[in-house]
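1. Here is my input; please provide its structure:
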Amino acid sequence: MRIAVAADERVGVAEAIVEELRRRGHEPLPHGALADGERDDWAWAAEAAARDVAQGRADQAVVACWTGTGASIAANKVAGVRAALCGDAETARGARRWNDANVLALSLRLTSAPALTEILDGWFAAARSDDESDLANIRHVDEISPSA
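-> From the prediction side, this is the model:
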C-alpha cells in the first residue's frame, strides 16, 4: 500500500514511522521534514500528505506533529479525508472501523516506538464496519459542509 507520511520535525517517532511502514511492506511517500526541499511546517506537511490520499496518489496517510492535533486539523480540511488522532491501538482500530478514517494522526511528543507499533497494528488490522448505522454516520460526515 502507498502511504503518505508527514511530520514537521525529525523528532520522536517521525523517522520510525517511515521505517515501520517499509518493514510492513508499504511504500511511504514522505512529506515535510521527512522530504528534502518541502516546507516542514505542520499545516503544510499534513496538507501535502492528505492531498496524496484525496487525489489517489496514496491509499492512506500518517501525519504527525508535536501534539498531533494541528496535523489532524490540517488534514481534515482536505475534502475526502477523515483524519483521526490516535494515541493507542484501540482508538486506531475504532477510527478505521467506525469512522472509515484514511489518515492516522500521531503525537510526536507522546507516541513511543512500542506504542507506534501497537497503533499501526490496530490501524491495519481493522476494516470499515458494514453496519448501516456506522455507514450512515460516515455518509453524514461527508455531507457536512463548512458554514458560518
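2. what about L29, how many neighbours?
-> Applying other C-beta atoms under 10 Å, we find 21 residues neighbouring L29. Placement of C-beta: from N, CA and C, glycine included.
3. Return the residues in contact with the most centrally placed residue in the chain.
-> Central residue of the chain (C-alpha atoms, centre = their mean): L104, 2.3 Å from the mean position. Residues in contact with L104 (C-beta atoms under 8 Å, 6 or more residues apart in numbering) are Q60, A61, V62, V63, A83, A84, C86, A92, A95, I119, L120, W123.
4. which residue sits closest to it, ignoring its sequence neighbours?
-> Spatial nearest neighbour of L104, chain neighbours left out: V62 (4.8 Å); criterion: C-beta to C-beta, 6 or more residues apart in numbering.
5. Kindly report the same for A74.
-> Sequence neighbours aside, A46 is the residue nearest to A74 in space, at 3.9 Å (criterion: C-beta to C-beta, 6+ apart).
6. Verify the assumption that that neighbour is located in a strand.
-> No. Secondary structure assignment (DSSP: H, G, I helix; E, B strand; the rest coil) places A46 in helix, not in a strand.
7. From N99, how far out is it?
-> Distance, A46 to N99, by C-beta to C-beta, to the nearest Å: 18 Å.
8. ok, back up a step: now do the same for the residue nearest to the centre of the chain: helix, strand or coil?
-> L104 carries the three-state label strand when classified by three-state DSSP.
9. Now do the same for it: its pLDDT.
-> For L104, the pLDDT comes out at 99.
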